[in-house]
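Colleague: can you look at this prediction? I've put the sequence above it.
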Amino acid sequence: MAKFQSLKDAVAENLFDGDVAAFEGFTHLIPHAAAHEAIRQGRKDLTLVRMTPDVIYDQMIGMGMVKKAIFSYAGNPGVGLLRRLRDAVENQWPHPMEIEEHSHAAMANAYEAGASGLPCAVFRGYKGADLKKVNPNIREVTCPFTGEVLAAVPSVRPDVTFIHAQKANKRGDVLVEGIIGIQKEAVLAAKRSVVTVEEVVDNFDDVHPNACILPNWAVTAICEVPGGSHPSYAHGYYIRDNAAYLEWDKIASDRDGFKAWMKDNVLDATPEDFASRVSALRESK
Amino acid sequence: MAKFQSLKDAVAENLFDGDVAAFEGFTHLIPHAAAHEAIRQGRKDLTLVRMTPDVIYDQMIGMGMVKKAIFSYAGNPGVGLLRRLRDAVENQWPHPMEIEEHSHAAMANAYEAGASGLPCAVFRGYKGADLKKVNPNIREVTCPFTGEVLAAVPSVRPDVTFIHAQKANKRGDVLVEGIIGIQKEAVLAAKRSVVTVEEVVDNFDDVHPNACILPNWAVTAICEVPGGSHPSYAHGYYIRDNAAYLEWDKIASDRDGFKAWMKDNVLDATPEDFASRVSALRESK
Amino acid sequence: MELDFTRDEMMTIAASRALGNEDICFVGIGAPSAACNVARLTHAPDITLIYESGTIGTAPDVLPLSIGDGELCDTAVTTVSVPEMFRYWLQGGRITIGFLGAAQLDKFGNINTTVIGDYDAPKTRLPGGGGAPEIASSCGEIFITMKQSLRGMVDKIDFFTSFGHGEGGNAREELGMTTKGPTLLITDLAIWHPDPVTKEFTVIALHPGVTRDMVQETCGWKVKFADNLETTPEPTELELATLRDLNARTKAAHSGAGA
Amino acid sequence: MELDFTRDEMMTIAASRALGNEDICFVGIGAPSAACNVARLTHAPDITLIYESGTIGTAPDVLPLSIGDGELCDTAVTTVSVPEMFRYWLQGGRITIGFLGAAQLDKFGNINTTVIGDYDAPKTRLPGGGGAPEIASSCGEIFITMKQSLRGMVDKIDFFTSFGHGEGGNAREELGMTTKGPTLLITDLAIWHPDPVTKEFTVIALHPGVTRDMVQETCGWKVKFADNLETTPEPTELELATLRDLNARTKAAHSGAGA
């Protein structure tokens, strides 16, 4: 049953050193505030899972929290490369990092299989692709009816998943709308889940019957953090801060500049700071 | 690209003798009008697929159109058995009928696999169940990571799927709301699809971004048939005619009574008759 | 002894008492649906009811005639597709209790709703398993409700539609199942629990006014009774009123429609 | 010769011309996105654009900076989950054209966007494949756009992120693929088609003002030219105005936000 609590408490109670953790979001609703709280709490030896590791994974990697990354596209969306991730992979800075690399189709299927309680996902993929030569977690199963050889990957089953969503209601049900990405699957695949939301409303009576809702008993903790996905966006609340993504490319290009920025904007900041960061980006409709 | 046409033409152009056909609907939105048109056109040797074959499959079986039925629950929902189906299976009347029986989980996964372009579905199922002893299409695959033995069934890939939906817009996109069942998967799994709708509206501008919509290029034909799912229901339009389901139990209990009812209510009727059948059932909200 | 409630009412109310606020129930039609909703309307207001049509957290004002009635969707927290229901919610291991009925039941909780007689030449072709095979293996535990009869409670079922405890003992573990299987049988006459070791259903309580003989006479296997056999507490006024109101609303709603 | 359009503009417009009203396109960011939207705003108003974030049938007024911008959802026919996108729509075989870019490309349309150098000790770690491995195998055909450079168009790519025509010939069929693979390469200098037999990319048209030498100088393999080498028609006034307006709207929208 979802517990309403502060983000600080939710991270402290649900993310531990050595965990397999997913902070999911597909461009939309990326849980920046939750990742920053994890950084402030200094978690170590994490295995981070994500289809599209971007700025927050770059930050956690640069801060030396990450033992291994499981992903399918590591880029600053619309901008380019992830410089802290590159530094870790190319130069082992701040320490060596293991990677397990997949395609989007594989990761999407792996989360779906995790949500479905299955040990693996089976799909048609990786034909002629070199990833299967370098990733021992890409294997094969044979269709027992046609003989077709299909790809198989292990399901993703994080210890904890963090997502950002638009709304919770007072019962603790969570609503995700717009580009819903892989969030539902990431929560259902995980043992524990923490959801930051823009606001808590009385009820979902006016919500579409088939909207993407996570019932309160499928969520561990809910934290109201307005602006909590900045510089990503929350459909219906505020738009994407494209300038901040462009700026990140510069910040992350230099180790010292990165550390200074992290101190000022993350280590010395609070979840409450996110609200003011989106004030100029609020949708006027 | 979806073609707007009469139900008569849509059935004539899309359902052929010997086809594998699905008329899907999970209690809600069952395509009665389309099935009745198929009966009037006298198709033969059909393989009918459906999770929950109910009254319309009982009718098609009783009319001698069905060579084989693939299903997971053959009952008159909330009432009891299907008497025409029983007569076919127990007494080979009007002729012998082959059956391929699954569980709901298997059929749901098989449609999902069909929609996904896969040759088979893999899931955890049939543990200790006798169906796998009598259905050679229930096989096994072994997870290449854990060694767990999982169930596999062939994907469902109908030649044609018929569904009933609430609305199409003028571009031919189709909206399904409420209990959406397996309709999206049944359409996407099929080579061709015919959708009867309650009404055609100008646009879907006010529809939720994540509502279940089939784009016009994923549908073959659209037919406006108000009331077309009676005695099933269309959420937002009319409620279920529970009395008709109870009545069916009596009608179907006797071969001659069945044939007489089919002549009066199906063979000598038209798609336009459905509108008046739901007039007393229209929702007043 | 004169009862002011029927055996059906006692069965439904006894079943409702087995459900708690924290439960996530996969509900079938008929007695299970009534029991789950009586629980929701009395001692377990926050219970989550799920019907296989895709409705999650539904709170119908009247009982549905089918598992896909509009009322279920209207009152649900959310309604998902059928593949999602079976993949994410059932197979995902999120359901604490699955309710099953049976055409034939054996003493180990194995259920037949497929055929009477031989599968290929059946005496009676029944509707089939529907969701039952995977409900039986994926839910945390299984509650069974049925009216007792020699035809229904049999020594040997004709077809294993869904697996209970097999031949008893550790049969489930041997098949790789990690869920508990049938933990409760509530009939119109008694409450039964599986023996902790053999897994054979054993009567632990008789409903008010019911004798051991009445239970045995309507059961096709030799019935075991617990040493400390109890009597099921009578329905309370609230329970009975809740059930009867629910049934009355349901009857009015369903007869009002159509025809 | 003085051009009143840039090579980038020519590349985008040439790509847009290859798209038709009936096409269902899986769109990437950058040049493919511009080309698809120019097609939609000129000769192919009914083209269906799909971005892997789940937006189906989208019609953005400005180009998205990422594949998941809100504009894409606001203007889409529907927005589905990412697993559904990859299962039902891509793997389901419903996409007629997939657009891919490349960090490295070889003459058979094989693409690398994973690493420069050795995978385990890379010189440059690139973002990786994302959707590309399955876009390359599941879409009806693949269009590739990229600016020519000796670093990008190479004799041998360092990593097969996505499979084009392998070593040429029937390589795709041998792997069991039933889709066409790369059928078109549009660079800032030329239009290339695969040879029907060898599958090697062959220049079939030079953009206005481009010479054979210019193509060869910026390509790491020995370039083949078609016998009847054509000249790509110049952008029309409408095409150019449409592209420039789109870019201007996009720039205004993106610079207006935040900072």
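Modeller: Arrived safely, thanks for sending.
Colleague: for the residue in the stretch 151-259 of chain C that chain A sits nearest to, give its distance to residue A:115.
Modeller: Taking C-beta to the nearest C-beta, chain A has its nearest neighbour within the stretch 151-259 of chain C at residue C:178, 10.5 Å off. Where you see a C-beta, it was placed from the backbone N, CA and C, and this is true even at glycine. According to C-beta to C-beta, to the nearest Å, residue C:178 stands 18 Å off from residue A:115.
Colleague: from chain B, how far out is residue A:35?
Modeller: 25 Å (C-beta to the nearest C-beta, to the nearest Å).
Colleague: could I have the helix or strand hosting that residue exported to PDB, CA atoms only?
Modeller: Assigned by DSSP states H and E, residue A:35 belongs to helix A:32-40. Extracted in PDB, the C-alpha atoms of helix A:32-40 (Å, rounded to 0.1, in the frame of the first residue of the first chain):
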ATOM      1  CA  HIS A  32      15.500  14.000 -11.800                       C
ATOM      2  CA  ALA A  33      14.500  14.900  -8.200                       C
ATOM      3  CA  ALA A  34      14.700  11.300  -7.100                       C
ATOM      4  CA  ALA A  35      18.100  10.700  -8.800                       C
ATOM      5  CA  HIS A  36      19.400  13.900  -7.100                       C
ATOM      6  CA  GLU A  37      18.200  12.600  -3.700                       C
ATOM      7  CA  ALA A  38      20.000   9.300  -4.300                       C
ATOM      8  CA  ILE A  39      23.100  11.300  -5.100                       C
ATOM      9  CA  ARG A  40      22.800  13.300  -1.900                       C
END
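Colleague: can that helix be found next to chain D?
Modeller: No. Residues of helix A:32-40 contacting chain D under C-beta under 8 Å from any C-beta of the partner chain: none, with a closest distance of 13.6 Å.
Colleague: neighbouring strands for the helix or strand just after that helix, and are they parallel or not?
Modeller: Where DSSP H and E defines the elements, the next helix or strand beyond helix A:32-40 is strand A:46-50. Here strand A:46-50 has these sheet partners by DSSP bridges: strand A:20-23 (parallel), strand A:66-71 (parallel).
Colleague: could those be laid out in JSON lines, adding mean neighbour count, mean pLDDT and distance to residue A:31?
Modeller: Output for the strands paired with strand A:46-50, formatted as JSON lines (neighbours: other C-beta atoms under 10 Å in any protein chain shown; pLDDT from 0 to 100; distance: least, C-beta to C-beta, whole Å):
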{"stretch": "strand A:20-23", "mean neighbour count": "27", "mean pLDDT": "98", "distance to residue A:31": "5"}
{"stretch": "strand A:66-71", "mean neighbour count": "22", "mean pLDDT": "98", "distance to residue A:31": "16"}
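Colleague: chain neighbours aside, what residue packs nearest to whichever residue of the stretch 101-250 of chain A sits closest to chain D?
Modeller: Closest to chain D within the stretch 101-250 of chain A is residue A:128: 2.8 Å, counting by C-beta to the nearest C-beta. Spatially, and ignoring its direct neighbours in sequence, residue A:128 is nearest to residue D:163 (2.8 Å; C-beta to C-beta, 6 or more residues apart in numbering or on different chains).
Colleague: compute the number of surrounding residues for that neighbour.
Modeller: Residue D:163 is flanked by 26 other residues according to other C-beta atoms under 10 Å in any protein chain shown.
Colleague: I'd like the distance from it to chain B, if you could.
Modeller: 18 Å.
Colleague: what's the answer for residue C:21, then?
Modeller: To chain B, residue C:21 is 26 Å away according to C-beta to the nearest C-beta.
Colleague: checking that residue next. Helix, strand or coil?
Modeller: At residue C:21 the chain is in coil, as set by DSSP: H, G, I helix; E, B strand; the rest coil.
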